[in-house]
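In: Build me a model from this:
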Amino acid sequence: MSEAEERTEGLTGVLDAIEEAVVAARNMPMSSSVLVSRAELLDLVAQARDVLPDQLTRADQVLADADAAREAAQHDADLILERARAQAAELVSREAVVTAAQEQAAEIVAQAQRTADELRRDADDYCDRRLADFEIDLGKVLAQVQAGRAKLAGRLGSDTRADT
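Out: Now for the predicted structure:
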């Protein structure tokens, strides 16, 4: 395992390693350009790409957990509703008891739905925050790559003019 791979953990670690490679790069004589290891930077970019699916998989797991919690709550609510119906059938002669059981079952179902909706909102919010973080980090990498390419293009342009 290379030194760069040992330092990197997660997308932020990879981005930190890319930044460190650019900051630590040797300056070109009489220029603001620097020399960076193409292999090292390509390795770090590959690591960043490898990390993204892990982060997205974790976000999917949060959504799956929220769905499972909603399903469990719905199952519990269904069981309670079945019990309430059985009780209502036994107590059909007492209309007030039947009405109360139906209202309680409806409230339990409504509460389960509210809980499931809240879990889904929380999971969606978490995913949105993680994706926003990724977007910011990737924007920084893109800006660094564009700046590097612009410097290289400027240097290539000045070398071509100097040759003619």
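In: what's the closest non-adjacent residue to the spatially most central residue of the chain?
Out: Computing the C-alpha centroid of the chain and ranking residues by C-alpha atoms, centre = their mean puts R130 first, at 3.7 Å. Computed as C-beta to C-beta, 6 or more residues apart in numbering, the closest residue to R130 that is not its neighbour in sequence is A59, at 5.6 Å. Glycine gets a C-beta too; all of them are placed from N, C-alpha and C.
In: hang on, the earlier thing: can I assume the residue nearest to the centre of the chain sits in a strand?
Out: No: if the criterion is DSSP: H, G, I helix; E, B strand; the rest coil, then R130 is helix and not within a strand.
In: for it, what are its contacts?
Out: Listed by C-beta atoms under 8 Å, 6 or more residues apart in numbering, the contact set of R130 reads 55, 58-59.
In: Mind putting these into JSON lines with secondary structure?
Out: Shown next, in JSON lines, are the contacts of R130 (three-state DSSP):
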{"residue": "Q55", "secondary structure": "helix"}
{"residue": "R58", "secondary structure": "helix"}
{"residue": "A59", "secondary structure": "helix"}
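In: quick check, nearest of those to P29?
Out: Distance to P29 across the contacts of R130 (C-beta to C-beta) is lowest for Q55, with 40.9 Å.
In: ok, so what distance separates that closest one from F134?
Out: According to C-beta to C-beta, to the nearest Å, Q55 and F134 sit 7 Å apart.
In: which residues are in contact with both of those two?
Out: Any residue near both Q55 and F134 by C-beta under 8 Å, 6+ apart counts here, and that gives L11.
In: In terms of model confidence, name the weakest of the contacts of R130.
Out: pLDDT across the contacts of R130 is lowest for Q55, at 71.
In: From what I see, it and D137 are in contact.
Out: No: between Q55 and D137 there is no contact under C-beta atoms under 8 Å: 10.5 Å.
In: any common contacting residues for the two?
Out: By C-beta under 8 Å, 6+ apart, Q55 and D137 have these common neighbours: L11.
In: pLDDT at T8, what is it?
Out: 52.
In: nope, E71 is what I meant
Out: Value listed for E71 in the pLDDT field: 91.
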